[in-house]
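1. can't give you the sequence, but here's the structure:
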């Protein structure tokens, strides 16, 4: 059985910041896959300090973007492709505040279905939802039976009207959250889901609805994890410089699941997730550093 399987669309991204305008692939599955592959490579180079993990990406995109998959395979990432008529196309616009982003959706890909994912099985199954119809409730139910299910709530709270993205509530949340083991949200998403402004009460409500581990990211203010009736306050480490926040939430989830799959505690995994997110902030594109640098950052800031 695989240790970790990530399922999600690879996107075309236009990233606009006060400093630059960049066109590049993106999406949760893209940032997650490259990030975890960098951690794998760093362990192989320096010598294993623990048993290696197995990983696979299942994605869906148009034939015109298959070169992105070929590049991923070229660096050693195991990728399975489900053909789609179109590729998701996002435009992300950032102001000078790293915690603020405006999005547009220029194109949508075909959704994932239970039939297409019938053979998926892994210790951790990560759904990189980008839009509300990426994964249906039936698909969530099905995948829950085949591994610990990890979901980023962002996609379920996005409604596309024309090209603009608007925040909405997740209509099927009370049923869906029964099957989600780990849920990643930010401070805006958790308020939309629960109606609670108090972050601790909001996390407890998600747990009451079925979520076992709530990952609440707060940008430069750190993160809060709620698991087994206990809160863990995770600091945000200071980056050497701030370049691009795109993909930081995906990188946080990647770091957290990577360490949990190794057997780390909730708090250990949270601090590692914060560290890889800080390192990712220092450049455009996915996390591309090492496990050892992330561990060093955690130790240095204890």
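-> Received the coordinates, thanks. As the structure is a prediction and not an experimental result, all values here were calculated from the model. Numbers count the residues shown, from 1 in each chain.
2. contacting residues around residue 154?
-> 129-130, 185-186, 189, 249 (CB atoms under 8 Å, 6 or more residues apart in numbering). Yep, even glycine has a C-beta here, placed from its N, CA and C like the rest.
3. same deal with residue 206?
-> Taking CB under 8 Å, 6+ apart, we find residue 206 in contact with 177, 183, 185, 190, 193-194, 214, 226.
4. for those residues, which one is nearest residue 37?
-> Ranked by distance to residue 37 (CB to CB), those are led by residue 183 at 24.4 Å.
5. next structured bit after the helix or strand hosting the closest one?
-> Element membership for residue 183 (DSSP states H and E) is strand 182-186. Counting by DSSP H and E, the element after strand 182-186 in chain order, helix or strand, is helix 187-194.
6. What is the burial count for the nearest residue to residue 196 once chain neighbours are set aside?
-> Excluding the flanking residues, the one nearest residue 196 by CB to CB, 6 or more residues apart in numbering is residue 202, at 3.8 Å. If you count neighbours by other CB atoms under 10 Å, residue 202 ends up with 24.
7. What separation do you get for residue 202 and residue 33?
-> 30 Å (CB to CB, to the nearest Å).
8. Repeat that for residue 277.
-> Relative to residue 33, and taking CB to CB, residue 277 is found at 16 Å.
9. same deal with residue 230?
-> For residue 230, the distance to residue 33 equals 31 Å [CB to CB].
10. In terms of neighbours, single out the busier of those two.
-> More neighbours surround residue 33 than the other of residue 230 and residue 33, with 29 against 9 (other CB under 10 Å).
11. host element of that one?
-> helix 28-46.
12. Quick one: residues contacting residue 124.
-> Applying CB under 8 Å, 6+ apart, the residues near residue 124 are 3-5, 147-148, 150, 257, 260-261.
13. quick one: which of the contacts of residue 206 has the most company?
-> That'd be residue 183 among these, by other CB under 10 Å, with 28 neighbours.
14. what's the residue lying closest to it once chain neighbours are set aside sitting at in phi/psi?
-> Counting by CB to CB, 6+ apart, residue 183 lies nearest to residue 211, which is 4.6 Å off, once chain neighbours are set aside. With angles defined as degrees, to the nearest 10, residue 211 sits at phi -70, psi 130.
15. And residue 211, how close does it get to residue 55?
-> 24 Å.
16. Next: residue 147.
-> Counting by CB to CB, the gap from residue 147 to residue 55 is 13 Å.
17. Between the two, which contacts overlap?
-> residue 5.
18. out of these two, which sits in the busier spot?
-> Each of residue 147 and residue 55 has its neighbours counted (other CB under 10 Å); residue 55 has more, 24 against 20.
19. Doesn't residue 224 lie inside a strand?
-> Yes: secondary structure of residue 224 (DSSP: H, G, I helix; E, B strand; the rest coil): part of a strand.
20. so how far is residue 287 from the nearest residue to it once chain neighbours are set aside?
-> The spatial neighbour of residue 224 that comes closest, neighbours along the chain excluded (CB to CB, 6+ apart), is residue 216 at 4.4 Å. Distance, residue 216 to residue 287, using CB to CB: 20 Å.
21. pLDDT below threshold where in this structure?
-> 44-51, 97-99 (pLDDT under 70).
22. Just give me the residue closest to the centre of it.
-> The C-alpha lying nearest the average C-alpha coordinate of the chain belongs to residue 250 (CA atoms, centre = their mean; 2.9 Å).
23. and that one, how far is that from residue 40?
-> Taking CB to CB, one finds residue 250 at 17 Å from residue 40.
24. for residue 108, same thing?
-> 31 Å.
25. same question, residue 138
-> Residue 138 is 32 Å from residue 40, by CB to CB.
26. what does residue 150 give?
-> 18 Å.
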